[in-house]
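Student: sequence plus the predicted model coming up.
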Amino acid sequence: MSEKKIEARSQGSFPMDDPTQGLLHDHQFIRQLLQRYLSTQDQKVKQYAGPRICEALLQHTRLEEAVFYPAVEKLDVAMTTRCLDDHHAVDELIEQMQHLLPGDLAYDELVTHLNEAIQVHMELEEQQLFPLVRKSSLNLQDLALRMQSFESSMVSAQAKSVGQRSARGDQLH
């Protein structure tokens with residue numbers, strides 16, 4: 001079986017006429033990581049994919065919660081509330097995973113639960129919420145710009161944090 005490369009969406013790539021396409025790309029990336037993790041017994045693959053799944057989900061959900069959901073909430077409050085509830089459930093699973101090692105039985109079980117929850121959530125967004133957004137009178141260009149700006153700020157803050165941790169680590173030695 002040939003290995004196909006799993007690639008994340010490049011930072012800030014939200015099509016101006018339909019920012020949901022960027023979110024769809026994130027969904028596909030997360031699905032591929034989950035499939036890679038769940039379909040292997042290779043511990044190195046699990047050690048790579050497990051943390052990447054958590055990282056990708058946390059970045060994606062932060063973006064949706066900070067920019068996307070507030071912008072689209074008025075279109076369907078109940079659906080947006082359900083999506084937020086789904087995110088909280090995912091956050092709890094990720095929190096549990098962060099105390100375990102990828103490849104451990106308990107971690108594998110949590111990834112299975114995470115996969116089930118994520119698949120249902122992504123389907124809700126892709127089949128119901130995203131089409132609603134596309135058909136709405138929302139200014140999608142403005143939404144795309146705000147999503148790009150938030151994501152750029154988030155990536156910059158993460159890079160700064162990593163740099164500070166690295167500098168502190170250098171001081172300890």
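Tutor: Received it, and whenever you're ready, just let me know what you need.

Student: can we go C-alpha only for contacts and neighbour counts from here?
Tutor: Fine.

Student: next, count neighbours for the nearest residue to Glu73 once chain neighbours are set aside.
Tutor: Once flanking residues are discounted, Glu73 sits nearest to Thr80: 5.6 Å by Cα to Cα, 6 or more residues apart in numbering. Neighbour count for Thr80, taken as other Cα atoms under 10 Å: 20.

Student: got it, and Asp42?
Tutor: 11.

Student: coming back round to it: what about the residue nearest to Glu73, which helix or strand?
Tutor: Secondary structure from DSSP states H and E places Thr80 in helix 77-97.

Student: report the angle between whichever helix or strand comes after that helix and helix 77-97.
Tutor: Per DSSP H and E, the first helix or strand lying C-terminal to helix 77-97 is helix 105-124. Angle, helix 105-124 to helix 77-97, by axes from the mean of the first three to the mean of the last three Cα atoms, to 10 degrees: 160 degrees.

Student: buried ones in helix 105-124?
Tutor: By neighbour count with 16 or more other Cα atoms under 10 Å, helix 105-124 contains the buried residues Tyr107, Asp108, Leu110, Val111, Leu114, Asn115, Ala117, Ile118, His121, Met122.

Student: now pLDDT and distance to His99 too, for these, in a markdown table please.
Tutor: Shown next, in a markdown table, are the buried residues of helix 105-124 (pLDDT from 0 to 100; distance: Cα to Cα, whole Å):
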| residue | pLDDT | distance to His99 |
| --- | --- | --- |
| Tyr107 | 98 | 9 |
| Asp108 | 97 | 13 |
| Leu110 | 98 | 11 |
| Val111 | 98 | 13 |
| Leu114 | 98 | 15 |
| Asn115 | 98 | 18 |
| Ala117 | 96 | 20 |
| Ile118 | 97 | 20 |
| His121 | 97 | 24 |
| Met122 | 98 | 26 |
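
Student: ok, those residues vs Thr40, which is closest?
Tutor: Asp108 (10.7 Å; Cα to Cα).

Student: who are the packing partners of the helix holding Thr80?
Tutor: Under the contact definition 3 or more Cα pairs under 8 Å, 6 or more residues apart in numbering; DSSP states H and E, helix 77-97 sits against helix 43-63, helix 105-124.

Student: can I get the last one in PDB? Just the C-alpha atoms.
Tutor: What follows is helix 105-124, C-alpha atoms only, in PDB (Å, rounded to 0.1, in the frame of the first residue of the first chain):
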ATOM      1  CA  LEU A 105      -4.400   1.000  24.900                       C
ATOM      2  CA  ALA A 106      -6.200   3.700  26.800                       C
ATOM      3  CA  TYR A 107      -5.000   6.300  24.200                       C
ATOM      4  CA  ASP A 108      -6.100   4.100  21.400                       C
ATOM      5  CA  GLU A 109      -9.600   3.900  22.900                       C
ATOM      6  CA  LEU A 110      -9.800   7.600  23.300                       C
ATOM      7  CA  VAL A 111      -8.800   8.100  19.700                       C
ATOM      8  CA  THR A 112     -11.600   5.700  18.700                       C
ATOM      9  CA  HIS A 113     -14.100   7.800  20.800                       C
ATOM     10  CA  LEU A 114     -12.700  11.000  19.400                       C
ATOM     11  CA  ASN A 115     -13.000   9.700  15.800                       C
ATOM     12  CA  GLU A 116     -16.600   8.800  16.400                       C
ATOM     13  CA  ALA A 117     -17.400  12.200  17.800                       C
ATOM     14  CA  ILE A 118     -15.500  14.100  15.200                       C
ATOM     15  CA  GLN A 119     -17.100  12.200  12.300                       C
ATOM     16  CA  VAL A 120     -20.600  13.100  13.500                       C
ATOM     17  CA  HIS A 121     -19.600  16.700  14.100                       C
ATOM     18  CA  MET A 122     -17.900  17.200  10.800                       C
ATOM     19  CA  GLU A 123     -20.900  15.700   8.900                       C
ATOM     20  CA  LEU A 124     -23.200  18.100  10.700                       C
END
